[in-house]
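[1] next comes the sequence, and after it the predicted model I'd like to discuss.
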Amino acid sequence: MKIRIGLGSCGIAAGALKVKECVETEIQGRGLDIKVQTTGCIGMCHAEPILDVIDEQERVYTYGYVTPEMVKKIFDGHITGQSPVEKYLLATPEKECDFLAGQKRVALRNCGIINPEQLQDYVDHEGYQALKRAVTKMTQEEVISEIKESGLRGRGGAGFPTWFKWDAARKSPGNVKYIVCNADEGDPGAFMDRSLLEGDPHAVLEGMAIAGYAVGANQGFIYCRAEYPLAIRRAELAIKQAEERGMLGKNIFGTGIDFEIRIKQGAGAFVCGEETALIASLEGERGMPRLKPPFPAQSGYWEKPTNINNVETYANVPWILANGGKAFSAMGTDKSPGTKVFALAGKIKRGGLVEVPMGLPLKEVIFNIGGGTKGDQKFKAVQMGGPSGGCIPEELLETIAQSC
């Protein structure tokens, strides 16, 4: 038997560390042989702290809104009594919770499942196999072709075809090229990138390394705002662990290919979410946008060819190489294939992270997954895309999503 506790920022803020302490006290006091696993946020931020009881058959029972007082009752009823405490349960092996039931998780595939601070957990979920295949069995052109077939577009807002940026950087002359991960998530109410780095940092690192091989870069940077200390700490630990196993750094998988990643902490300037302003900040200058062209793929960091994608974009890449571009393009719409991660926040019953196929009507996201408005008040509007987005009224909830 195993107990899994969500320790993302939302879980910690809700009191998950105290819950974990109580769980360990109960295990020790009862003389039980039970492993306690910590994980990131599974997306149900509204129900934190979340505790999973996983039995010998790997069946998962999910408890939500867990308090230290509830821990003893869960142990009395479920752990020692072999009878799940139904009134505290969010999900059972027979019944998935409504929040997760309508989702398709690609970028978030490991969040809330693996321990983000243990490389072996990621490896056990086929981690770094896509990178190994890329550097040992595929050419740069073949990798880019697979990304092209997937139809993956940048998930940072602009929606530019990922393969085109990679190909442009690959074809730009020069032996020195760079990969940059934009984790400068500044939109109010947005926490997609933070949760991904907290819950599955290795997926982002692997995606960056695959991009590095594809464009011919051996140096990468994660530009992450300093307000994300847990994400930064876990990403730094993930880099160290991957380097120790020969999956990052020098001589990846014994191929002679190098790819090193460093983290740059941003000061929280909203403008640094724009790629050229980010590059200026990365160089130690004031974060100010630059005129384009030249584009970063031609002249970016220190005027060298540079590929920039955001956290979610890179997290999709290993899945695409493992499952094939066609599997990704089979989801979503013709113009925007795949899935998209949304942060649900505000006056909604079930706030948190949602990943659904592109083109799903917002009405389904808000009412089926999010549970609708708090207090069942009349829906007025939803703001999309942060401060640069707009407010979508009720009459457009069906049509606007289908045309995106």
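    Sure, I can see it.
[2] partner strands of the helix or strand where E260 lies and their direction?
    Using DSSP states H and E, E260 falls within strand 260-266. Strand 260-266 pairs in its sheet with strand 219-225 (parallel), by DSSP bridges.
[3] okay, helices next: where are they in the stretch 301-404 of the chain?
    311-323, 325-329, 362-363, 399-402 (DSSP state H, counting those that start in this stretch).
[4] deepest in the core, which of those helices is it.
    Comparing these on average neighbours per residue, with mean count of other CB atoms under 10 Å, the densest one is helix 311-323 at a mean of 25. Every C-beta, even on glycine, is put in place using the N, C-alpha and C of the backbone.
[5] any idea of the angle that one forms with strand 219-225?
    Angle of helix 311-323 versus strand 219-225, following axes from the mean of the first three to the mean of the last three CA atoms, to 10 degrees, is 140 degrees.
[6] got the CA coordinates for helix 311-323 in CSV?
    Provided in CSV are the C-alpha atoms of helix 311-323 (Å, rounded to 0.1, in the frame of the first residue of the first chain):
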residue,chain,number,x,y,z
VAL,A,311,6.9,25.5,-20.7
GLU,A,312,3.7,23.8,-22.0
THR,A,313,5.0,23.6,-25.5
TYR,A,314,8.2,21.8,-24.5
ALA,A,315,6.2,19.4,-22.1
ASN,A,316,4.2,18.2,-25.1
VAL,A,317,7.3,17.3,-27.2
PRO,A,318,8.3,14.0,-25.5
TRP,A,319,4.8,12.7,-25.7
ILE,A,320,4.7,13.5,-29.4
LEU,A,321,7.9,11.7,-30.2
ALA,A,322,6.8,8.7,-28.1
ASN,A,323,3.3,8.4,-29.5
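[7] report the buried residues of stretch 289-299.
    For stretch 289-299, the neighbour count (16 or more other CB atoms under 10 Å) marks 295-299 as buried.
[8] quickly name whichever of the residues you listed is closest to G254.
    The closest of the buried residues of stretch 289-299 to G254 turns out to be A297 (CB to CB; 29.7 Å).
[9] picking up where we left off before, buried residues in the strand holding E260?
    Across strand 260-266, burial judged by 16+ other CB under 10 Å covers 260-261, 263-264, 266.
[10] quick one on the thing from earlier: closest to Q120 out of the helices of the stretch 301-404 of the chain?
    helix 311-323 (16.5 Å).
[11] hang on, the earlier thing: which pair of the buried residues of stretch 289-299 spans the longest distance?
    Pairwise distances across the buried residues of stretch 289-299 peak at 8.5 Å for A297 and S299 (criterion: CB to CB).
[12] which neighbours do those two share?
    Here A297 and S299 share the contacting residues P305, scored by CB atoms under 8 Å, 6 or more residues apart in numbering.
[13] low pLDDT regions in this protein?
    Along the chain, segments meeting pLDDT under 70 span 399-404.
[14] give me the phi and psi for the spatially closest residue to R170 that is not a sequence neighbour.
    Closest residue to R170 apart from its sequence neighbours, by CB to CB, 6 or more residues apart in numbering: V215 at 4.5 Å. Main-chain torsions, V215, degrees, to the nearest 10: phi -100, psi -10.
[15] what number of residues lie near V215?
    Using other CB atoms under 10 Å, the number of residues around V215 comes to 25.
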